[in-house]
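Peer 1: I'd like to go over a predicted model; first the sequence, then the structure.
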Amino acid sequence: MTGSSEGARGADRRFVVQKHDASTLHYDVRLEVGGVLVSWAVPKGPSTDPRQKRLAIRVDDHEVDALTFEDVVPEGAYGAGAVLVWDTGCYRDLRAEKDGTGMEEALDEGLLEVWLEGEKLRGGWALKRTDDERWLLIKMDDEAADARRNPTSTEPLSVLTGRSLDEVREEEGRESEDA
Ligand code: MN
């Protein structure tokens, strides 16, 4: 397999989990696949407890610019409300490593297995489609699984700026009023 080591390792692709205070608070999980961010809205956010299957609604792909988006989406726009970068880093495609199934194929099949290297989220995670746009986000049972950690409540701040949603709303909201 000379020359394919980078491909086999998945050439680390990026992911982001944003905390988004829209009409209802949720988390947006986005994985870089083929030049876009394949995205799910997760109402309760990720759990590090493998027994907690979290509903994840597949939503429209986003541009890769969204990886660092931390701002207030203005009133009247889709998704209006404050957004912070709750976690980000790189991921590896575990199915590609196991049997060569690529991300596009895995999306069609409705089963992704990725290894996240974030600041808050690490280890193996599965995304399983149950029907149509409804998927489940599940922590795989590995050394990074932890039923007691509950990072959505104990680690609420932005990994980019250390801000809370209130601080993003105050600081970015003020800027847009001035503009
Ligand atoms: Mn959202």
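Peer 2: Perfect, I can see it now.
Peer 1: assess the claim that E70 and T88 are in contact.
Peer 2: No. Using C-beta atoms under 8 Å as the test, E70 is too far from T88 to be in contact (10.2 Å). Every C-beta, even on glycine, is put in place using the N, C-alpha and C of the backbone.
Peer 1: quick one: L55 and V42 touch, right?
Peer 2: Yes. Between L55 and V42 there is a contact under C-beta under 8 Å: 6.9 Å.
Peer 1: more neighbours: which of the two?
Peer 2: Neighbour totals were compared for L55 and V42, and V42 leads with 21 against 15 (other C-beta atoms under 10 Å).
Peer 1: in contact with the more buried one, which residues?
Peer 2: For V42, the contact set (C-beta atoms under 8 Å, 6 or more residues apart in numbering) comprises 26-29, 54-57, 137.
Peer 1: per-residue pLDDT, it?
Peer 2: Per-residue confidence (pLDDT) for V42: 98.
Peer 1: how near is it to N150?
Peer 2: 15 Å (C-beta to C-beta, to the nearest Å).
Peer 1: could you pick out the longest strand of the chain?
Peer 2: Using DSSP state E to define each element, the chain has its longest strand at strand 81-93.
Peer 1: average model confidence for the next helix or strand after that strand?
Peer 2: Going down the chain from strand 81-93, the next helix or strand is helix 94-99, by DSSP states H and E. The average pLDDT within helix 94-99 is 96.
Peer 1: swap in stretch 165-177?
Peer 2: 83.
Peer 1: sorry, back to before: format the contacts of V42 as JSON lines; extra columns: pLDDT, secondary structure and distance to the ion.
Peer 2: Output for the contacts of V42, formatted as JSON lines (pLDDT from 0 to 100; DSSP: H, G, I helix; E, B strand; the rest coil; distance: C-beta to the ion, whole Å):
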{"residue": "H26", "pLDDT": "98", "secondary structure": "strand", "distance to the ion": "6"}
{"residue": "Y27", "pLDDT": "98", "secondary structure": "strand", "distance to the ion": "8"}
{"residue": "D28", "pLDDT": "98", "secondary structure": "strand", "distance to the ion": "4"}
{"residue": "V29", "pLDDT": "98", "secondary structure": "strand", "distance to the ion": "10"}
{"residue": "R54", "pLDDT": "98", "secondary structure": "strand", "distance to the ion": "15"}
{"residue": "L55", "pLDDT": "98", "secondary structure": "strand", "distance to the ion": "14"}
{"residue": "A56", "pLDDT": "98", "secondary structure": "strand", "distance to the ion": "12"}
{"residue": "I57", "pLDDT": "98", "secondary structure": "strand", "distance to the ion": "10"}
{"residue": "L137", "pLDDT": "98", "secondary structure": "strand", "distance to the ion": "14"}
